[in-house]
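Engineer: Here is my input; please provide its structure:
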Amino acid sequence: MKEAKSETAVQPEDGPVFSVRDGVIDFADPAAEALGLHSGKRLSELLPQLELPAPEGGGAKTVLLLDRQVWSLQSAVEDGALRCVLRPQSAELPGPNESTLLHAAGSIRTALQDLQGALNRLSEGLGPGEEAALRETALALRSVYRLRRTAGELELFSTLRMGRYQPCGEKLGVCARLAAFCGETREQLRAGGFELSWVLPRREFSLCLDWPLLAFLLRELLANAAANSADGRLRLELSRVGRIGLRFAVINRQTGALPAPLFHRHAELDTLLEGGLGLGLNTVSAGAAVHGGGLLLSRTEDGTVTAVLSVAALPSDEHSVGSPVQLPDGSDAALEAFSTVLPPEAFRPEELL
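Structural biologist: The predicted structure follows:
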């Protein structure tokens, strides 16, 4: 990453200064020494990627990375040597951003593919008499699903924050689709000792919705409700708002106050290490926003907590190529979402086949 050469005079007060003669640093001021540019050292050993011009070639300006900071290095011929001055090119390298989250999620998924393949091959050789090995395999598989959940949250959270998620609508019978979802979800949650009930409108109606996204958000709310349930009972209610609006209410009862902070827990410096990333409610809120709605939380004196997810139907004539993130579906999606509240027995190899 070099700029064009130019005859340039340098001033000693501009930044760390050192000089190079015959490829060896013959002078370095204290600021340059602090960066590791010590007198008597060959420059090619300290900065093998740096190519300084020959003394007879005049000066040059180069951009390089040194001690986690980007510097502009300017050199000029002086008394048969190259005299070099470093100037800070920018502030320190940027901290983690949304692309960092996507790279982290991708790394997790790549490692998990190999791990799950190995576990599947291991479980194929286990018989019913090897209960101890089967139990340990189930525990390992639950960890796989929890890591898959982490990767999925990272991907969706980052994609939503970057504005890259494009809802992909499908016209569907809302009551029938949600009833099927609730039935499958109830069976999964029963393995953890939870009971799910639901209330739907009496009459069927059709709307254009991004169902994979809504199902992901509802599972997240149900998983949170299960993790904080005082009695193991969860309820999901659906109601219509006007012609194109929907309101999903996830209701549970818990003891004690709502945890603080509810949102942005992932960014708290003093947060205790727990089972999740703390991205859940932020992801639901951002997901609701791209579907024309939002998320509200409330708690009554008796400990009843209600999470209200509101969305609006998508234009049925709007064409979308879909988003870069692939949302899970089917029974695997439920196992991922509820892996933090289900016991290892729910992940026994024979149950997953």
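Engineer: drop to CA atoms for contacts and neighbour counts, all remaining ones
Structural biologist: Fine.
Engineer: quick one: which helix or strand includes Arg148?
Structural biologist: Using DSSP states H and E, the secondary-structure element containing Arg148 is helix 131-161.
Engineer: And that helix, what's buried?
Structural biologist: Along helix 131-161, these residues count as buried under the neighbour rule (16 or more other CA atoms under 10 Å): 134-135, 137-160.
Engineer: Specify the beta-bridge partners of Leu196.
Structural biologist: Note on Leu196: beta-bridge partners Leu234, judged by DSSP bridges.
Engineer: For it, give its distance to Glu187.
Structural biologist: When distances are taken as CA to CA, to the nearest Å, Leu196 and Glu187 turn out to be 9 Å apart.
Engineer: Between those two, point out the one with more neighbours.
Structural biologist: Just comparing Leu196 and Glu187: by other CA atoms under 10 Å the higher neighbour count belongs to Leu196, 21 against 14.
Engineer: The more buried one: what's it in contact with?
Structural biologist: Leu196 makes contact with 182, 185-186, 189, 233-236 under the criterion CA atoms under 8 Å, 6 or more residues apart in numbering.
Engineer: Tabulate these (a markdown table), appending neighbour count.
Structural biologist: Formatted as a markdown table, those follow (neighbours: other CA atoms under 10 Å):
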| residue | neighbour count |
| --- | --- |
| Cys182 | 18 |
| Thr185 | 20 |
| Arg186 | 17 |
| Leu189 | 24 |
| Arg233 | 16 |
| Leu234 | 21 |
| Arg235 | 18 |
| Leu236 | 22 |
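Engineer: Among these, which one lies nearest to Ala176?
Structural biologist: Using CA to CA, Cys182 is the member of those that sits closest to Ala176, with 9.9 Å.
Engineer: ok, that closest one touching Trp198?
Structural biologist: Yes - taking CA atoms under 8 Å as the contact criterion, Cys182 and Trp198 are neighbours in contact, 7.2 Å apart.
Engineer: what's the spacing between the residue nearest the centre of the chain and Glu237?
Structural biologist: The geometric centre of the chain, computed from its C-alpha atoms, lies nearest to Leu154 (CA atoms, centre = their mean), at 1.8 Å. As for Leu154, its distance to Glu237 is 28 Å (criterion: CA to CA).
Engineer: Can you list phi and psi of the residue of the chain positioned farthest from its centre for me?
Structural biologist: Relative to the centre of the chain, the most outlying C-alpha is that of Asp79, 55.0 Å out, by CA atoms, centre = their mean. Taking degrees, to the nearest 10, you get phi 60, psi 40 for the backbone angles of Asp79.
Engineer: What segments of this structure are strands?
Structural biologist: When secondary structure is read from DSSP state E, the chain shows strands at 17-21, 24-28, 60-66, 69-78, 81-88, 170-173, 195-199, 206-209, 233-241, 245-253, 294-299, 304-312.
Engineer: Show me the shaky parts of the stretch 51-200 of the chain.
Structural biologist: Regions of the stretch 51-200 of the chain meeting the criterion pLDDT under 70 cover residues 51-61, 67-68, 89-104, 107, 111, 123, 125-129.
Engineer: Mind doing that once more with 80?
Structural biologist: By pLDDT under 80, the weakly predicted segments of the stretch 51-200 of the chain are 51-72, 80, 88-137.
Engineer: what would the strands of the chain look like in TSV with distance to Thr340?
Structural biologist: Formatted as TSV, those follow (distance: least, CA to CA, whole Å):
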stretch	distance to Thr340
strand 17-21	56
strand 24-28	57
strand 60-66	42
strand 69-78	40
strand 81-88	47
strand 170-173	30
strand 195-199	16
strand 206-209	28
strand 233-241	16
strand 245-253	17
strand 294-299	21
strand 304-312	19
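Engineer: These: which one's closest to Leu122?
Structural biologist: Between Leu122 and the strands of the chain, the shortest gap by CA to CA is with strand 195-199, which sits at 33.2 Å.
Engineer: Relative to the whole chain's centre, how far out is that closest one?
Structural biologist: Its chain's average C-alpha position is 30 Å from that of strand 195-199, according to CA atoms, centre = their mean, to the nearest Å.
Engineer: So the residue nearest to the centre of the chain sits against Ala105, correct?
Structural biologist: Yes - proximity of Leu154 to Ala105 meets the contact threshold set by CA under 8 Å, at 5.8 Å.
Engineer: leaving aside the residues next to it on the chain, what's closest to Leu297?
Structural biologist: Nearest residue to Leu297 in three dimensions, chain neighbours excluded: Ala307, at 4.6 Å (CA to CA, 6 or more residues apart in numbering).
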